[in-house]
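Colleague: Build me a model from this:
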Amino acid sequence: MKSNPLPQKHLSSPQPIQEDIDQGVEQQPQDPLPELETEAAREATNTPAHPSRKKRPMWPLLLLGVGILALGAIAFKQSQPNPEVSQNTITAAPAEPNRLPVRATPVKIYPLQQLVFGNGFVSAVRGKHLTFQTSGTITYLKKVNGRDLREGDFVKKGELLAKLDDRRLRAELAQAEAQTAEAQTQRVTAQANLSQAQANVEQTKAQVISAQAQFEAAKNDFDLAISEFKRRLELFDAGVISESDVDVYRNRAEDAQSQVRAAQAQVNAALSNVKAAESQLASAQSQLTATVAQIASAKAGQTRSTISLEDTEIIAPFDGIVAHLNIREGDFWTTQILNSANTSNYQTVVDSVPIIINDPSAYEVNVELPTFYGPLVQPGQSAYVVLDQDMSTASSRGMSQQELFRLARARGTIFSVSPSVNPGERSVNVTIRLYQGSKNVLDGERVSVWIAVEENPTALSVPLNAIVYRDQKPYVFVVNQQEKVVKLRPITAGIRGISMQEITSGVEPGELVVTEGLNRLVDGTPVEVINYSKGNREQGVGSRE
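Modeller: Numbers count the residues shown, from 1 in each chain. Reported below is the predicted structural model:
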């Protein structure tokens, strides 16, 4: 019977060992093993090869087992080094080594940003909580196209938005205005009396001057009359004149003395008139002062009434949009609503204030960052805002720098960084002013924020998953495309992006670094790059950053 080589499906050794086994099989006597195997298979399935033949005995199966053991021994012997092997066997071509499949990407120059992440809340840069400062029934609510004011309506600066019942306050205002007018009338009268009193004082002072002049004249006449009388007495004593002549001068002196006394009385009367006029002047001044005080008091009452009247109104302080509206026409409003609100809970305040309006032209984001980010964040740095509903998309696709740019619905810059740390949260407050996409955010909305704390427009970059650590030091596996092996190379890391890492030393642009399959590699491992092509060379994993 013709013999056949043993089929390879019965052997499970690696390829080099398989070749040795095949050579060993060819050097052995060719026993009819396949036919015996066929007979054994037929015996196992109870299927006769030919119906006319009789069932064979079991000894062929035993021979088959012995043959298989012999072949295994030959194969093991062939796989061991043999110093007696001929020179032809030594110079045979070595077998192709097994290469591990890996994915790789080229090192490329790419603009890279180091970003820090935080969650924050959007708020309008300019917003106003509008409320009534007094209690009462709401009798007016602004109408927009025939309907009551609603959230989302735009309002103009100075527009009356809501009003309470103000009849009592208007009556008080009218009374205060009447009191002010009466006080002003009294002031006019007091001013006239003061002017008259001032004129009387001036007149009486002039009378005093005139009386004093008359007094001086009378006194001079008296002095002259006394002098003449004394001289006439001397002449009478000398016997020059008669006694009747002396009597004439005596009478003249007495008349002059009477004139002096009369002038003195006029001076005293004029001085009394001055005092009386001055007293009237002081009274007029007091009356004028009192009327001025009455006017001030009346005006203060009028101002209070005006303010109280204004407290019943809500006026738009600027052009804006109604963000919250918690009142309706006909409701009774009381200031106790706000007094009883929990001010520590902002939502309670929002639900209690009658109207809140915001300026939709400018928004900011308030973020609390961990304290270790504080020194990295500076005013003027760029920030990217992603809405919560877009974060699921980012999570499913894997966030990268380009994906961040695509998903960012708003952009801004750092406006301020708090110099202090919140004791409870151990965080730093950062405010971001939006300059783009303000229409895409809502007041009070929760958003995710990435802040670019450092950037390099020409960073030599690789994907983050290309980096391995040995003794806490970074390395990459660089593919030697000629030898088709990898080299473990130390690197110096720079800026870390979302999915890319800058390498400042250790690799060159265009070199291939392994990104998948690193856990099976060591320095010098043969590899086969299964995804690298010209298109991949141009785009690579790094293009996602």
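
Colleague: what sits against Ser438?
Modeller: Residues in contact with Ser438, defined by CB atoms under 8 Å, 6 or more residues apart in numbering, are Pro360, Ser361, Ala362, Tyr363, Ala410. Where you see a C-beta, it was placed from the backbone N, CA and C, and this is true even at glycine.

Colleague: try 6 Å this time
Modeller: Residues in contact with Ser438, defined by CB atoms under 6 Å, 6 or more residues apart in numbering, are Tyr363.

Colleague: Distance check, it against Ser283.
Modeller: To Ser283, Ser438 is 69 Å away according to CB to CB, to the nearest Å.

Colleague: can you pull out the helices in the stretch 51-200 of the chain?
Modeller: 59-79, 87-90, 167-237 (DSSP state H, counting those that start in this stretch).

Colleague: Please point out the stretch among these with the lowest average pLDDT.
Modeller: When those are compared on average pLDDT, helix 87-90 comes out lowest at a mean of 44.

Colleague: which residues touch Val462?
Modeller: So Val462 contacts Val107, Gln501, Ile503, Val513 (CB under 6 Å, 6+ apart).

Colleague: wait, I meant Val485
Modeller: For Val485, counting by CB under 6 Å, 6+ apart, the contacting residues are Gly524, Pro526.

Colleague: Now do the same for the residue of the chain most remote from its centre: its pLDDT.
Modeller: Ranked by distance from the centre of the chain (CA atoms, centre = their mean), the top residue is Gly239, with 125.9 Å. You'll see Gly239 listed with a pLDDT of 80.

Colleague: In a strand, it, correct?
Modeller: No. Counting by DSSP: H, G, I helix; E, B strand; the rest coil, Gly239 is not found in a strand; it is coil.

Colleague: can you give me phi and psi for it?
Modeller: phi 80, psi 20 (degrees, to the nearest 10).

Colleague: ok, it to Asp245 distance?
Modeller: For Gly239 relative to Asp245 (CB to CB), the value is 12 Å.

Colleague: Over to Thr515?
Modeller: 155 Å.

Colleague: which of those two has more neighbours?
Modeller: Legend: neighbour count by other CB atoms under 10 Å for Thr515 and Asp245, higher for Thr515 (22 against 13).

Colleague: Tell me how many other residues crowd the closest residue to that one other than its chain neighbours.
Modeller: Closest residue to Thr515 apart from its sequence neighbours, by CB to CB, 6 or more residues apart in numbering: Ala466 at 4.8 Å. Ala466: 29 surrounding residues under other CB under 10 Å.

Colleague: again with Gln378
Modeller: 10.

Colleague: Could you check the pLDDT of it?
Modeller: According to the model, Gln378 scores 93 on pLDDT.

Colleague: now do Ala410
Modeller: Taking Ala410 on its own, its pLDDT is 93.

Colleague: Quick check: bridge partners of it?
Modeller: Val385 (DSSP bridges).

Colleague: Please name the residues that touch it.
Modeller: Counting by CB under 6 Å, 6+ apart, Ala410 has contacts Val385, Leu434, Gly437, Asn440, Val441.

Colleague: can you rerun that using 10 Å?
Modeller: Listed by CB atoms under 10 Å, 6 or more residues apart in numbering, the contact set of Ala410 reads 122, 363, 365, 383-387, 432, 434-441, 447, 449.

Colleague: what do you get for Val102?
Modeller: Per CB under 10 Å, 6+ apart, neighbours of Val102: 477, 479, 486, 512, 514-518, 520-521, 525, 527-532.

Colleague: Just those residues: which are in strands?
Modeller: Among these, the members found in strands (DSSP state E) are Phe477, Val479, Val486, Leu512, Val514, Thr515, Glu516, Val527, Glu528, Val529.

Colleague: Please give the number of neighbouring residues around Glu455.
Modeller: Around Glu455 there are 15 residues (other CB under 10 Å).

Colleague: count of neighbours near Thr413?
Modeller: 15.

Colleague: distance of it from Val430?
Modeller: Going from Thr413 to Val430 by CB to CB gives 11 Å.

Colleague: hey, what's in contact with both of these two?
Modeller: In contact with both Thr413 and Val430: Pro379, Gln381, Ala383, Ile451, using CB under 10 Å, 6+ apart.

Colleague: will you turn these into JSON lines that also has secondary structure and distance to Ser227?
Modeller: Below are the shared contacts of Thr413 and Val430 laid out as JSON lines (DSSP: H, G, I helix; E, B strand; the rest coil; distance: CB to CB, whole Å):
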{"residue": "Pro379", "secondary structure": "coil", "distance to Ser227": "104"}
{"residue": "Gln381", "secondary structure": "coil", "distance to Ser227": "111"}
{"residue": "Ala383", "secondary structure": "strand", "distance to Ser227": "113"}
{"residue": "Ile451", "secondary structure": "strand", "distance to Ser227": "114"}
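
Colleague: all strands for the stretch 401-545 of the chain, in order.
Modeller: 410-417, 427-436, 446-463, 467-470, 473-480, 485-490, 492-496, 500-505, 512-516, 527-529 (DSSP state E, counting those that start in this stretch).

Colleague: Please state the offset of the first one from the chain centre?
Modeller: Its chain's average C-alpha position is 7 Å from that of strand 410-417, according to CA atoms, centre = their mean, to the nearest Å.

Colleague: likewise stretch 427-447?
Modeller: With CA atoms, centre = their mean, you get 6 Å for stretch 427-447.

Colleague: start to end distance for it?
Modeller: 17 Å (CA to CA, to the nearest Å).

Colleague: For stretch 142-161, give the mean pLDDT please.
Modeller: 93.

Colleague: can you list the weak-confidence ranges in the stretch 1-150 of the chain?
Modeller: Applying pLDDT under 70 to the stretch 1-150 of the chain picks out residues 1-96.

Colleague: just the ones in strands among the contacts of Val102 now: which is nearest Ser420?
Modeller: Thr515 (43.1 Å; CB to CB).

Colleague: pLDDT score for the closest one?
Modeller: pLDDT recorded at Thr515 is 92.

Colleague: same deal with Val485?
Modeller: For Val485, the model assigns a pLDDT of 94.

Colleague: Likewise for the one 3 residues further on?
Modeller: Model confidence at Leu488, expressed as pLDDT, equals 95.

Colleague: partner residues bridging it?
Modeller: Leu488 forms beta bridges with Phe477, as assigned by DSSP bridges.

Colleague: OK, contacts around it?
Modeller: Contact analysis of Leu488 by CB under 10 Å, 6+ apart lists Val468, Arg470, Tyr475, Val476, Phe477, Val478, Leu518, Leu521, Val522, Asp523, Gly524, Thr525.

Colleague: Out of those, which end up buried?
Modeller: Tyr475, Val476, Phe477, Val478, Leu518, Leu521, Thr525 (16 or more other CB atoms under 10 Å).

Colleague: Next one: the fifth one, what pLDDT does it get?
Modeller: In other words, Leu518. Listed pLDDT for Leu518 reads 87.

Colleague: Ignoring the adjacent residues along the chain, who's closest to it?
Modeller: Nearest one to Leu518, counting by CB to CB, 6+ apart, is Val468 at 5.4 Å.

Colleague: Assess the claim that that neighbour and Pro474 are in contact.
Modeller: Yes. Contact criterion CB atoms under 10 Å: Val468 and Pro474 qualify, at 7.5 Å.

Colleague: just to revisit the earlier point, closest one to Ile491 among the helices of the stretch 51-200 of the chain?
Modeller: helix 59-79 (41.3 Å).

Colleague: returning to that earlier point: and the residue nearest to Leu518, how close does it get to Ile491?
Modeller: Distance of Val468 to Ile491, given as CB to CB: 10 Å.

Colleague: Overlap of the contact sets of these two?
Modeller: By CB under 10 Å, 6+ apart, the residues touching both Val468 and Ile491 are Pro474, Tyr475, Val476.

Colleague: out of those, who's nearest Leu338?
Modeller: For the shared contacts of Val468 and Ile491, the nearest to Leu338 is Pro474 (58.2 Å; CB to CB).
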